[in-house]
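In: Need a 3D model of the sequence below.
(2 chains)
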Amino acid sequence: QKEVEQNSGPLSVPEGAIASLNCTYSDRGSQSFFWYRQYSGKSPELIMSIYSNGDKEDGRFTAQLNKASQYVSLLIRDSQPSDSATYLCAVNSGGYQKVTFGTGTKLQVIP
Amino acid sequence: GAVVSQHPSWVICKSGTSVKIECRSLDFQATTMFWYRQFPKQSLMLMATSNEGSKATYEQGVEKDKFLINHASLTLSTLTVTSAHPEDSSFYICSDAGGGSTDTQYFGPGTRLTVL
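Out: A predicted model of the protein is given here:
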């Protein structure tokens, strides 16, 4: 069973702080990694994708990938109340275009 | 990214009836689309992969005779929940891969099904 693990949270951070979201995966052969944001009652929206070890930055978001440790993370700088949502980690677990999702981490940004 | 629409956004039906959900890729031709289901406070669970012009591929544990998938054109996939029961009440979301060789998935807005 290929798994993607996330802490369900909630993770509470004050406004303006850095939020750090973590994800581990079991399939060492995974090549593609994604972070999605899902607001309550809405469908997921893509934040970032990452394919290579290291950091990838996009605005206030930074994805970090360490394939040796089978670990991917998402940092959100200058967190805003509008960032409050559930963040889903997704990993391509084999098969054309198929991904496996983690259960998500709920982030609460406190004004 | 790809633009995906779903219709209806919500539906309430009586137990035993069938419900059809449409998923459209608005900005490119999608040979492959995916159907997910999400129960409250749970993650997305892939139900099936919809393939244009051929049979859908269902995940283990998903009844293909209950969840009928049709992908008759490159822009439209439909999911029909047959003989719906209250336990089928869930949030159904489709996605496509945005074209090309990318495995990035873009989601439709979802359909909330409530079976009474």
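In: who touches residue 11 in this structure?
Out: Went with chain A since none was named. Shown in contact with residue A:11 (CB atoms under 8 Å, 6 or more residues apart in numbering or on different chains): A:19, A:21, A:105-108. Every residue, glycine included, has its C-beta placed from N, CA and C.
In: that's the wrong chain, I wanted chain B
Out: When the contact criterion is CB under 8 Å, 6+ apart, the partners of residue B:11 are B:19, B:21, B:111-114.
In: Near chain B, which residues of chain A are found?
Out: Taking CB under 8 Å from any CB of the partner chain as the criterion, the neighbours of chain B within chain A are A:32, A:34, A:36, A:41-46, A:49, A:88, A:90, A:92, A:96-104.
In: and stretch A:4-11, which residues are buried?
Out: If you call a residue buried by 16 or more other CB atoms under 10 Å in any protein chain shown, then stretch A:4-11 has these buried ones: A:4, A:6, A:11.
In: Tell me the helices and strands packed up against the helix or strand hosting residue A:35.
Out: When elements are assigned from DSSP states H and E, residue A:35 belongs to strand A:33-38. When contacts are defined as 3 or more CB pairs under 8 Å, 6 or more residues apart in numbering or on different chains; DSSP states H and E, strand A:33-38 sits against strand A:19-25, strand A:45-50, strand A:61-66, strand A:71-76, strand A:85-92.
In: Each with direction, which strands does the first one pair with?
Out: Meaning strand A:19-25. Sheet pairing here is set by DSSP bridges, and for strand A:19-25 it gives strand A:4-5 (antiparallel), strand A:71-76 (antiparallel).
In: Centre of the chain to the last one, how far?
Out: Read that as strand A:71-76. Relative to the mean C-alpha coordinate of its chain, strand A:71-76 is positioned 6 Å out (CA atoms, centre = their mean, to the nearest Å).
In: Would you mark the buried spots in that strand?
Out: When burial is assessed from 16+ other CB under 10 Å, strand A:71-76 yields the following buried residues: A:72-76.
In: Now for residue A:48, how many residues are close by?
Out: Taking other CB atoms under 10 Å in any protein chain shown as the criterion, the count of residues near residue A:48 is 18.
In: Hmm, residue A:55 and it touching each other?
Out: No: using CB atoms under 8 Å, residue A:48 is not in contact with residue A:55, being 10.8 Å away.
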